[in-house]
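>>> I need the structure of the sequence given here:
(2 chains)
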Number of protein chains: 2
Amino acid sequence: MRRYFFFLFVLTAFAMSGQGYFAPTINSPEIASNGAVTFKVKAAGADTVRLIIDSRMDTLMKHTGNETWSITLRDLEPDLYMYYFIVDGMKVIDNENAQVLRDVKTVMNTFVLDPQGDCPVAVHDVPHGEVRAVWYDSPTLNAKRRMMVYLPPGYEQSRQRYPVLYLLHGTGGDETVWLEQGHAAQVLDNLIAEGKAEPMIVVMPNGHTDTHSAPGMGPNNNEQPTFAHKQWMEGTFEQSFNDIMSWVDNNYRTRASKRYRAIAGLSMGGYHSLYISVNQPDDFAYVGLFSPAISRMDQGKCKIYDDLETKLINQFKQRPRLYWLGIGKDDFLYKDNAEFRKMLDKNRLRYTYHESGAGHEWANWRDYLVIFTQQLFK
Amino acid sequence: MRRYFFFLFVLTAFAMSGQGYFAPTINSPEIASNGAVTFKVKAAGADTVRLIIDSRMDTLMKHTGNETWSITLRDLEPDLYMYYFIVDGMKVIDNENAQVLRDVKTVMNTFVLDPQGDCPVAVHDVPHGEVRAVWYDSPTLNAKRRMMVYLPPGYEQSRQRYPVLYLLHGTGGDETVWLEQGHAAQVLDNLIAEGKAEPMIVVMPNGHTDTHSAPGMGPNNNEQPTFAHKQWMEGTFEQSFNDIMSWVDNNYRTRASKRYRAIAGLSMGGYHSLYISVNQPDDFAYVGLFSPAISRMDQGKCKIYDDLETKLINQFKQRPRLYWLGIGKDDFLYKDNAEFRKMLDKNRLRYTYHESGAGHEWANWRDYLVIFTQQLFK
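Below is the predicted model:
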């Protein structure tokens, strides 16, 4: 009798959608214990089916009969992956996998490959921190703005004060992207549980001042994510950063001093981190530039971009506890970064340099976060 | 020069994905100021293209040339919508719309239709509450479990205590679904801003005790959402509910008494709300049953399901301030609910009944939330 009720329930809920919850389905992606991953898609009558794995792979799938196309990959590194299919030129997601993420405007499926149970971006059975979506007041921008805050496990139960990492996104991102594509909460949960990172608050604001939140969270309900922001590295975010810092120090039990404050970001967020920290030399003892979008054409655009070299020399007079720079060998910003390093070297400004493989991509940024956060507040 | 840099940036980031961010694209969905919505999809060589709007519509689209299929709908009510396309039998999402939601395992695009600016589920320019993803300890289940908490605007800045609404999901949902498909945070923000609802805390736990969180948030990283839970309405959630209530009363500034506590849920969550409130008659002055999955076959399954009628009579001795029951005319649970109402009537137990159109679907549940929350804590 209960079975009957259950079946009715399901049938009715999905009568119109054509989704067969009890029909035998293909299983995709299928992840073997040795880490091999098999992708499958039903595409009757298709000529070509491709598998796209974020910025890492674009490969043809094989027609393996019964309307199904598939491919098995055996050499993927433990990490978070995003993927989709292209069936005869049309982008489709994997309907067998309900876990999806968005890269700028492209919705993709996602999975975590963790065959050894030690991938730092995977969810493990450890204490989890709290994630909050908050709206802070920015008097400088005359706006209420949204940001995400990670509080370490035990924050609510303790009376302790915690150090703060400000973690900034790139041009295509928003306040959610370090949690979504970056798995920042999982990384911190895992590193803190293993004693590799200090318990810390992580603050993830929205770096685009022409918008106040991720698409869908603001009054323009149906806004689409875009690269083409009206305001873009023109100084307003950096100039309003103190609004964020005071809000955070007023609302959380922070250790509100340079010694316990870090700032890091990827791409545009690395650029923001560079200029915020250099203009506020008394605020950050730790700076992380992840594939930073460093350009040399910023003189005159806004006073905060002027006299970078002089300001850096001043910032480094009180030597930062960590000035960390990471970039991939194939990053299109590699040359700009090499010039920036040359300038630091010329002035004997001491930094930590991490050169990885690959390019301007999340596989690197997740990795940099894992490396960088272990060196903070110690 | 900056344009060139920007262009390089975009090119590189998407070189492999084939996504043309600067290519002219079709705009879908296109929402006219009069509320007409035009959907478009490029599907070269397709025979049939259908548009599926959640549980509300399944219709053919027209081939309007240039590889594009489209349809304009002029009579949609203001609400949140979810949709996808079926191209020659294959489900595809609208690649022009990066806003997506998930209904159980089906990923769909979403948009909010709000031509008059008064749709209560839309984001409006009003103060926004805070949304937290927290992990609470359940000694009864011997588990750390995830839940979502909405705190009303001003909570962090005030010293006030607030009433609490416990808001429960259905069989296909998890702790996130009232925020995602239900837009509960937007509904509360709007009603509180208009003075129509009292500022309240809304607690959204996970009602499936065979899992501790939404898929992707637990150690089985690649878990898929399902209807087919191993534990399902067998008493464990209801029996562990006090763990949630004590955690909430210990961690938030609640008004921790019956007068300021409500419980409501949809479908399975309505069933949970019925049995939790009837077994804890001193805890909830307000009960909301939204299309509740009421069945009469529960005697003997678990003691909390026994003697419902006697327990209800006892619960109603101290008359609830609101006992609210809502269901759609076409709901497959209509008959079960009619029998339940007959039993309440026979015993002269006074409740508020709301009969809507349509069936077992989110359009109703969002509406019921709007109606129900305005009657709480007054």
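>>> Show me chain A divided up by domain.
Structural domains annotated on chain A: A:14-113, A:130-373, as defined by automatic domain parsing.
>>> rank the ones you listed by pLDDT, which is bottom?
Across the domains of chain A, domain A:14-113 has the smallest mean pLDDT, namely a mean of 89.
>>> ranges for the helices of the stretch 251-378 of chain A?
All helices of the stretch 251-378 of chain A, identified by DSSP state H, counting those that start in this stretch, fall at A:268-279, A:308-317, A:334-346, A:362-373.
>>> Touching the last one from outside, list them.
Taking contacts as C-beta atoms under 8 Å, 6 or more residues apart in numbering or on different chains, the residues outside helix A:362-373 that touch it are A:54-56, A:77, A:79-80, A:82, A:103, A:120-121, A:165, A:167, A:178, A:181-184, A:187-188, A:191, A:197, A:200, A:264, A:266, A:288, A:290-291, A:322, A:324, A:326-328, A:331, A:354, A:356, A:358. Using the backbone N, CA and C atoms, a C-beta is placed for each residue, glycine as well.
>>> Could you export that helix as CSV, CA atoms only?
Taking Å, rounded to 0.1, in the frame of the first residue of the first chain, the C-alpha atoms of helix A:362-373 are listed here in CSV:
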residue,chain,number,x,y,z
TRP,A,362,40.2,27.0,-11.7
ALA,A,363,42.3,23.9,-11.3
ASN,A,364,45.2,26.3,-10.5
TRP,A,365,43.2,28.6,-8.3
ARG,A,366,41.8,25.8,-6.1
ASP,A,367,45.4,24.6,-5.8
TYR,A,368,46.8,28.0,-4.9
LEU,A,369,44.1,28.4,-2.2
VAL,A,370,45.2,25.1,-0.7
ILE,A,371,48.8,26.2,-0.7
PHE,A,372,48.3,29.8,0.4
THR,A,373,45.9,29.3,3.3
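>>> Hey, what's the angle from that helix to helix A:268-279? Just curious.
30 degrees (axes from the mean of the first three to the mean of the last three C-alpha atoms, to 10 degrees).
>>> next one: the longest one
Using the same axes, to 10 degrees, the direction of helix A:334-346 lies 20 degrees away from that of helix A:268-279.
>>> Against which helices or strands is helix A:334-346 packed?
helix A:308-317, strand A:322-328 (3 or more C-beta pairs under 8 Å, 6 or more residues apart in numbering or on different chains; DSSP states H and E).
>>> Could you dump those into a markdown table and include mean neighbour count and distance to residue A:238?
Formatted as a markdown table, these follow (neighbours: other C-beta atoms under 10 Å in any protein chain shown; distance: least, C-beta to C-beta, whole Å):
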| stretch | mean neighbour count | distance to residue A:238 |
| --- | --- | --- |
| helix A:308-317 | 16 | 12 |
| strand A:322-328 | 23 | 18 |
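>>> Looking at these, spot the one closest to chain B.
With C-beta to the nearest C-beta as the measure, strand A:322-328 is the member of those nearest chain B (11.2 Å).
>>> could I get the helices of the stretch 251-378 of chain A as JSON lines with distance to residue B:373?
What follows is those, written out as JSON lines (distance: least, C-beta to C-beta, whole Å):
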{"stretch": "helix A:268-279", "distance to residue B:373": "38"}
{"stretch": "helix A:308-317", "distance to residue B:373": "51"}
{"stretch": "helix A:334-346", "distance to residue B:373": "52"}
{"stretch": "helix A:362-373", "distance to residue B:373": "39"}
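>>> so which of the ones you listed is the most packed in?
Each of the helices of the stretch 251-378 of chain A was scored by mean neighbour count; the highest is helix A:268-279, a mean of 26, by mean count of other C-beta atoms under 10 Å in any protein chain shown.
>>> Check which helices and strands that helix is in contact with.
By 3+ C-beta pairs under 8 Å, 6+ apart, helix A:268-279 packs against strand A:164-168, helix A:236-239, strand A:261-266, strand A:286-290, helix A:308-317.
>>> Can you tell me which of the domains of chain A is most buried?
Mean neighbour counts for these (mean count of other C-beta under 10 Å) peak at domain A:130-373, with a mean of 20.
>>> and that domain, how far from the chain's centre?
Centre-to-centre, domain A:130-373 and its host chain are 11 Å apart (C-alpha atoms, centre = their mean, to the nearest Å).
>>> repeat for stretch A:74-83
Counting by C-alpha atoms, centre = their mean, stretch A:74-83 is centred 16 Å from the centre of its parent chain.
>>> Span of that stretch from start to end?
16 Å (C-alpha to C-alpha, to the nearest Å).
>>> The nearest residue to residue A:249 once chain neighbours are set aside and residue A:155: what is the separation?
Using C-beta to C-beta, 6 or more residues apart in numbering or on different chains and skipping residues adjacent in sequence, the residue nearest residue A:249 is residue A:256, 4.4 Å away. Counting by C-beta to C-beta, to the nearest Å, the separation of residue A:256 from residue A:155 is 16 Å.
>>> ok so, going back, now the helices and strands packed on helix A:334-346 in TSV, with distance to chain B?
Shown next, in TSV, are these (distance: least, C-beta to the nearest C-beta, whole Å):
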stretch	distance to chain B
helix A:308-317	16
strand A:322-328	11
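>>> Just put the helices and strands packed on helix A:268-279 in JSON lines and tack on distance to residue A:230.
Formatted as JSON lines, the helices and strands packed on helix A:268-279 follow (distance: least, C-beta to C-beta, whole Å):
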{"stretch": "strand A:164-168", "distance to residue A:230": "19"}
{"stretch": "helix A:236-239", "distance to residue A:230": "11"}
{"stretch": "strand A:261-266", "distance to residue A:230": "20"}
{"stretch": "strand A:286-290", "distance to residue A:230": "25"}
{"stretch": "helix A:308-317", "distance to residue A:230": "25"}
